[in-house]
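Chemist: Build me a structure from this.
(chains A and B)
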2 protein chains.
Amino acid sequence: MTPTPLMLRRAIVIAIALGIWFSPVPAGLTAPAWHLFAVFAAAIGSVLIGAFSLLMAAMIAAGTIVLTGTLTPVQAFSGFANSSVLLVVVAFIVAQAVVKSGLGQRISLFMVSRFGGSSLGLAYSIVVTDAAMGPAFPSNTARGGVLFPIVLSVARGAGSHPEDEVGRRLGGYLMFCAMAGLAVSSALWMTATSANPVGIQIVQKFGLDIGFGSWILASCVPALIAIGMIPLLVAKIFPPGVTATPEAPAAARQELATMGSMTRDELITAATFVVMVTGWVFADALQLNVTSIAFVGFGVLLVTGVLKVEDIDIRGETLSTFLWLAVLFAMSGQLNELGFISYVGERLASYLGGLSWPVTYVTLIVLYVAIHYLFVSQSSQVLALLGVFLDVGVRGGVPLPLMAYGLLFASSYFSVITPQGGSQNIIFVASGYLTQRELYKLGLLVTLAFLAIFLVIGTPWVMFVTSG
Amino acid sequence: MTPTPLMLRRAIVIAIALGIWFSPVPAGLTAPAWHLFAVFAAAIGSVLIGAFSLLMAAMIAAGTIVLTGTLTPVQAFSGFANSSVLLVVVAFIVAQAVVKSGLGQRISLFMVSRFGGSSLGLAYSIVVTDAAMGPAFPSNTARGGVLFPIVLSVARGAGSHPEDEVGRRLGGYLMFCAMAGLAVSSALWMTATSANPVGIQIVQKFGLDIGFGSWILASCVPALIAIGMIPLLVAKIFPPGVTATPEAPAAARQELATMGSMTRDELITAATFVVMVTGWVFADALQLNVTSIAFVGFGVLLVTGVLKVEDIDIRGETLSTFLWLAVLFAMSGQLNELGFISYVGERLASYLGGLSWPVTYVTLIVLYVAIHYLFVSQSSQVLALLGVFLDVGVRGGVPLPLMAYGLLFASSYFSVITPQGGSQNIIFVASGYLTQRELYKLGLLVTLAFLAIFLVIGTPWVMFVTSG
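Modeler: I've put the predicted structure just below:
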């Protein structure tokens, strides 16, 4: 059997792991920290070069670090009991009630019926719908799953099909607006993507507590400006061809009429989410655990029959996500506990030493966004790098809240930079309305625009709201 | 809307929860212990009377105990990171490789080809196959999933069909032997059912560490005798009608020939399981964490392509199991931590006070088995009652290892007492070869036989191997 490229890639990853493991432990680090880094680097590296899937890498890593005595089982498995990881899991499950009950479709149709008279209006209705759903939808992938059928049916209704070179442009325009909208709406709300609670946990270790309220205060100005800019900017760099779509609002109104009044399941879902979002909003003030609120909401949706056990049974990928996320989360946390993150931070900081803090801040944010070309998911970069970048920034004199929010927001808006930069992109990309080349070009330009807005407008705003 | 029976049952459960919660806290207990008991009793009670499913009850309970401040999130969610709970989850996933690769079918066919010349021989080949697979198959449900198609095809091959009043008896005989075999094979091996590691964790809190080796030493004599007795006893109380099945070995040999030599996937699965079981056997001696061994095995099966992510995605019920098991596990553990279990144990012990320890021991084991009429799963009774019964026994002077093993083994063999006493029964029951009445009658008689064997032979044996 000749080595296939896959086997070669796997050999490279294993060589990297063994190479780091058996290198002398650098002065200032303990052996467990160094060995954990070897396994973690190999796990992330294997995903980047396509040697192993995230799940394979995570399972082997979890086993290896315990069996070699690098971490105790309690340390290695701690991620499974982490509130944020559990929130992701429950959120994935609960979001299905919105899809299944038809509530998501109704909300989207309502938006289109009001604002869908032009391609620009349609695009706005999509990004606004997404942003409005954000706080109740801690999975942007699930939110994409609600938006996509609407975007697709609106595009088709306007006569836009992927195989038609000219006609496909309207569909492509709307698809990309939805992807870009999902990227920024995830930065707008703390509970709009699974990566946010994960990032907050990392930031908390640096001594900054971020809640639902403080997040929205810091994010609202740059994120709303960015969302407002998306339909205009994308229309500029990828003209949709059609501008007026007068039939869309009528079609939506007709479909709404067909749906009739809200069903029992929709009402229950709406009520449950209103209570849950209210709970999340006041969680800090009332000292309520956000994950427990989600557990109760899930229980209520089960008891009322809106969700059934079978709905979870067919969503087994949530389990895969849970398994790799919990393992990476624990490893990332332990790298920090064992002093590795601050060790790397010190080294990087010495390279950036002598720079003024604003230059350090901008350099770090730009670098952090650019590196996302290498990552296939938002959470994995947050787990791997947010802590290091935050540490370097703080050592370089950047105010902690500014550096933290800058990196947290970037962790969302950078997801549109490549087609695979966020799992929520996949469904829109697969529609075939845009070529890979267009996706990369639009991704770069729109990400640069986001970067500019968050640096130029976001920076003074965050400094203003977090001062004193 | 008039109250339906379901609504009435739900009202009863909620009334029980509120009634206990707002009753005065008994002297000697703290308020959190009492409130946790209120939630736990309502959760288990709701499952027993069919008010809420286990998942609903667990989710609402998890949310309630945290939001009311009864437990901290760290305490309430600790079950998710527990090694034993994670072993159950990974085991469920990994067991699929045996089914998918065809290895399970091959093993069963081999057994039938050797021993399947009579109905008694067929029954022995089934229970021995099951017992042989036990150590590598920590889910008896999954083991049942491998056995069932074989049992069914053997029965059909011999002309036995459910709708044929006389002919169905051979099938019914084999089905019940498989169920009874699964009950005892789970008592034979520490890693043969998910309830065992759960029980071991509870026992550990009393100061007794049980590993793979010490378990098999204590279980082998009574469990092997019980397994050897099953085909004979069931034939006595439910005569299969047909006794000679000379065509079965030939059919199995032919099917084996059709399968050809072992495929790559079968070889990999076999090798992985041999290494995993070896690791589990020597885990105590080499201080290896059994869950980590399973993680690595899972990773290897993924990397070699024997299991794919899609295989997990379609097994979403594992996630439901994980969710309720982790929550109940944490609640049960916390009831113990908060002193509730020992509080109840003291009270029960005072009722049994004055009895000699052998009488206490027998009374407790018989009571523990009889109570299983009320429970729909093995794990839930282990979680709810094993700790209390163990505490009462030890207070009553029963040697700790004897009481512990007695309850642990009972937690497996009692599963055949009702059709729903263990989830592995369901698939056999659904085949329609046996009536509900027959299932209850056979269940009672076979359970009584198991009880007699484990009390009369198991007791002196366990005392012998655990003394000194």
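Chemist: For the stretch 351-468 of chain A, which residue gets nearest to chain B?
Modeler: Relative to chain B, the nearest point of the stretch 351-468 of chain A is residue A:423 (13.2 Å; Cβ to the nearest Cβ). Any C-beta I mention is one placed from the backbone N, CA and C, and that applies to glycine too.
Chemist: Tell me how far residue A:447 lies from residue A:373.
Modeler: 10 Å (Cβ to Cβ, to the nearest Å).
Chemist: what touches both of the two?
Modeler: Both residue A:447 and residue A:373 are contacted by residue A:417, under the criterion Cβ atoms under 8 Å, 6 or more residues apart in numbering or on different chains.
Chemist: Of those two, give the one with the bigger neighbour count.
Modeler: It is residue A:447, of residue A:447 and residue A:373, that has more neighbours when counted by other Cβ atoms under 10 Å in any protein chain shown, with 24 against 14.
Chemist: quick one, phi/psi of the more buried one?
Modeler: With angles defined as degrees, to the nearest 10, residue A:447 sits at phi -60, psi -40.
Chemist: Leaving aside the residues adjacent along the chain, what's closest to it?
Modeler: The shortest distance from residue A:447 to any non-neighbouring residue, by Cβ to Cβ, 6 or more residues apart in numbering or on different chains, is to residue A:417 (4.5 Å).
Chemist: what residues are up against the one you found?
Modeler: When contacts are counted by Cβ under 8 Å, 6+ apart, residue A:417 is found next to A:369, A:372-373, A:443-444, A:447.
Chemist: and it, how far is that from residue B:63?
Modeler: Residue A:417 is 37 Å from residue B:63, by Cβ to Cβ.
Chemist: Equivalent analysis for residue A:312, please.
Modeler: Counting by Cβ to Cβ - residue A:312 and residue B:63 are separated by 16 Å.
Chemist: Counting neighbours, go ahead and name the busier of these two.
Modeler: More neighbours surround residue B:63 than the other of residue A:312 and residue B:63, with 26 against 23 (other Cβ under 10 Å).
Chemist: Which residues does the helix or strand hosting residue A:427 contact?
Modeler: Remark: residue A:427 resides in helix A:423-429, with elements defined by DSSP states H and E. Helix A:423-429 is contacted by residues A:140-141, A:143-145, A:148, A:151, A:175-176, A:178-179, A:182, A:377, A:415-416, A:419-420, A:439 when judged by Cβ under 8 Å, 6+ apart.
Chemist: Weed out the non-buried ones from those residues.
Modeler: Burial by neighbour count, 16 or more other Cβ atoms under 10 Å in any protein chain shown: within the contacts of helix A:423-429 this picks out A:140-141, A:143-145, A:148, A:151, A:175-176, A:178-179, A:182, A:377, A:415-416, A:419, A:439.
Chemist: Tell me which of these fall in helices.
Modeler: A:140-141, A:143-145, A:148, A:151, A:175-176, A:178-179, A:182, A:439 (DSSP state H).
Chemist: Using CSV, lay out those together with pLDDT and distance to chain B.
Modeler: Shown next, in CSV, are these (pLDDT from 0 to 100; distance: Cβ to the nearest Cβ, whole Å):
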residue, pLDDT, distance to chain B
A:140, 79, 20
A:141, 76, 14
A:143, 79, 20
A:144, 81, 18
A:145, 75, 15
A:148, 82, 19
A:151, 84, 25
A:175, 94, 25
A:176, 96, 28
A:178, 95, 25
A:179, 95, 24
A:182, 95, 23
A:439, 90, 24
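Chemist: Buried ones in whichever strand or helix holds residue A:11, by neighbour count?
Modeler: If you go by DSSP H and E, residue A:11 is part of helix A:5-22. Residues of helix A:5-22 classed as buried: A:9-10, A:13, A:16-17, A:20-21 (neighbour count, 16+ other Cβ under 10 Å).
Chemist: just the helices in the stretch 301-450 of chain A please.
Modeler: Taking DSSP state H, counting those that start in this stretch to define them, one finds helices in the stretch 301-450 of chain A at A:309-313, A:317-337, A:340-351, A:357-370, A:378-381, A:387-395, A:400-413, A:423-429, A:436-453.
Chemist: again with the stretch 1-150 of chain A
Modeler: So, for the stretch 1-150 of chain A - with DSSP H, counting those that start in this stretch - the helices run A:5-22, A:31-48, A:54-67, A:73-76, A:83-101, A:103-115, A:119-133, A:140-157.
Chemist: who are the neighbours in contact with residue A:363?
Modeler: Contacts of residue A:363 by Cβ under 8 Å, 6+ apart are A:352, A:355.
Chemist: now swap in residue A:216 and tell me
Modeler: By Cβ under 8 Å, 6+ apart, residue A:216 lies in contact with A:188-190.
Chemist: tell me the SS of it?
Modeler: helix (DSSP: H, G, I helix; E, B strand; the rest coil).
Chemist: Could you check how far it is from chain B?
Modeler: 23 Å (Cβ to the nearest Cβ, to the nearest Å).
Chemist: per-residue confidence for residue A:1?
Modeler: What the model reports for residue A:1 is a pLDDT of 46.
Chemist: cool, and residue A:452?
Modeler: 97.
Chemist: how deep is it tucked in, by neighbour count?
Modeler: 13.
Chemist: Using a markdown table, lay out the buried residues of helix A:5-22 together with pLDDT and distance to residue A:334.
Modeler: Output for the buried residues of helix A:5-22, formatted as a markdown table (pLDDT from 0 to 100; distance: Cβ to Cβ, whole Å):
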| residue | pLDDT | distance to residue A:334 |
| --- | --- | --- |
| A:9 | 90 | 26 |
| A:10 | 91 | 25 |
| A:13 | 91 | 20 |
| A:16 | 92 | 19 |
| A:17 | 93 | 17 |
| A:20 | 95 | 16 |
| A:21 | 95 | 16 |
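Chemist: could the residues you listed go into CSV alongside distance to residue A:256?
Modeler: Below are the buried residues of helix A:5-22 laid out as CSV (distance: Cβ to Cβ, whole Å):
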residue, distance to residue A:256
A:9, 51
A:10, 52
A:13, 52
A:16, 55
A:17, 56
A:20, 58
A:21, 60
